[in-house]
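Q: Sequence first, then the predicted structure:
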Amino acid sequence: LDYSLRQKTFQQTLDAERLDGFIVTHPPNLRYLCGYTGSNGLLLFLNGRRIFFTDGRYTQQAREEVEGARVVIAKGPLLTAATQLLSETRSAIMGFEADHTTVAAAAEMRKLMDKRIAWKPTSGLIMRQRMIKDAEELRLIHDAIKLGAEVYQHALQSIRPGVRELEIAGELEFAARKAGADGMSFDTIVAAGKRGALPHGRASAQPIPRRGFVVIDSGVVLHGYCSDMTRTVHMGQAGREQRRWYDAVLAAQLAAIDAVKPGVTAAEIDHAARQVLRRAQLDRFFTHSTGHGVGLEIHEPPRLGKGQQEQLEAGMVITIEPGVYIADKGGIRIEDIVVVTPTGCTVLTPVGKELLAVC
Ligand code: ZN
Ligand code: ZN
């Protein structure tokens, strides 16, 4: 992975923001900028130089993984070590990740600093860069999505009445581990029957009923990148009403995918899905946003929801996942990952969306 290009691009951001330096501590940002996958790391940008701090537990890992920065193994807290180095500079305006700094760390920073150093809280400077995936990231995301689809297809074989939701989730997660996944993007959701009305119903000990929808939402992490997909199957043949709900959610999902292209706002994509459900008089059951960015983290910007004015750009990777949740009846959600291209988008999730009746 081309860390030097990522560091160079971020340095340009620092220059544009008139920052002499920057402190990175959020683990996904560390991984993105210098390849470090451990915890307790601190990457210091200072006047065009980069120094990476960690503690003795990660000596070997830091030496092996960190690219484009000098590695310093600190004895005490990393912030203290970084500050000692800063105290040698004449004066500096230092940025830090306000969204990922605890109140305690901020107080510590103030205490450690002398008058020559000014701290400037910033938000989303690295995320803005991470939103646009480079070619290598797209390849890794695609690999994760392919694995996520395979383990879903595998887990599907274990669905039958009487099997507990947890067992299906377990099958899926075990298959992912065996295939080399780093882990799961989130706790696998298997929500059958009435439980399907909970948009985030984690797999429970409830047995799969003879009839009704089963929502399965899962994602694997492979080489650091997350996949995310949802399919809804029906136990037994779906009735007319159930089929109408499913068709409406699918039509909403396809309409949203159709609307994806550079320059369109996140809110417009959300609106495209919501409008289809409104025509089917189901919009009041669609209680979450239409999608989210995905990459090193499972939920990244942009968020595809009402009022989100972020414009889509080529290279963004987002989910499209409308759903309806009807109390005492069940839920339906269909989720794919798409990559925004110069002219529209490409769906990366390689799994069909016709309603599957499990008998
Ligand atoms: Zn999902
Ligand atoms: Zn999602």
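A: Thanks, I have it. Ligands and ions are numbered 1, 2, ... in the order given.
Q: Now name the helix or strand holding the closest residue to ligand 1 within the stretch 1-150 of the chain.
A: Residue nearest to ligand 1 within the stretch 1-150 of the chain: G148 (9.7 Å; Cβ to the ion). All C-beta spots, glycine's among them, are computed from the backbone N, C-alpha and C. Taking DSSP states H and E as the definition, G148 sits inside helix 135-156.
Q: now for that helix, which elements pack on it?
A: Applying 3 or more Cβ pairs under 8 Å, 6 or more residues apart in numbering; DSSP states H and E, one finds that helix 135-156 makes contact with helix 165-178, strand 212-218, strand 220-222, strand 225-226, strand 229-235, strand 336-340.
Q: and of these, who's closest to H100?
A: strand 225-226 (18.0 Å; Cβ to Cβ).
Q: The closest one: partners in the sheet, and parallel or antiparallel?
A: strand 220-222 (antiparallel) (DSSP bridges).
Q: is the strand it pairs with up against ligand 1 anywhere?
A: No: on the criterion Cβ under 5 Å from the ion, strand 220-222 is out of touch with ligand 1, staying 11.6 Å away.
Q: Residues contacting that strand, please?
A: Around strand 220-222, the neighbours that count as contacts under Cβ atoms under 8 Å, 6 or more residues apart in numbering are 140, 143-144, 147-148, 151, 176, 180-185, 226-227.
Q: now the helices and strands packed on helix 135-156 as CSV including mean neighbour count and mean pLDDT?
A: Formatted as CSV, those follow (neighbours: other Cβ atoms under 10 Å; pLDDT from 0 to 100):
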stretch, mean neighbour count, mean pLDDT
helix 165-178, 19, 98
strand 212-218, 25, 97
strand 220-222, 26, 98
strand 225-226, 25, 98
strand 229-235, 22, 98
strand 336-340, 23, 98
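Q: Tabulate these (a markdown table), appending distance to E297.
A: Putting those into a markdown table (distance: least, Cβ to Cβ, whole Å) gives the following:
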| stretch | distance to E297 |
| --- | --- |
| helix 165-178 | 18 |
| strand 212-218 | 16 |
| strand 220-222 | 10 |
| strand 225-226 | 7 |
| strand 229-235 | 16 |
| strand 336-340 | 14 |
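Q: Those: which one's closest to G95?
A: With Cβ to Cβ as the measure, strand 225-226 is the member of these nearest G95 (26.3 Å).
Q: Does that closest one reach ligand 2?
A: No: for strand 225-226, no contact with ligand 2 is found by Cβ under 5 Å from the ion; the gap never falls below 9.2 Å.
Q: now that strand, how far from the centre of its chain.
A: Remark: strand 225-226 is offset 7 Å from the chain centroid, using Cα atoms, centre = their mean, to the nearest Å.
Q: Same check on stretch 95-113?
A: Distance of stretch 95-113 from its chain centroid, counting by Cα atoms, centre = their mean, is 25 Å.
Q: What parts of the stretch 151-300 of the chain come near ligand 1?
A: D217, D228, T230.
Q: Next, format those as JSON lines and append distance to N40.
A: Shown next, in JSON lines, are these (distance: Cβ to Cβ, whole Å):
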{"residue": "D217", "distance to N40": "31"}
{"residue": "D228", "distance to N40": "28"}
{"residue": "T230", "distance to N40": "34"}
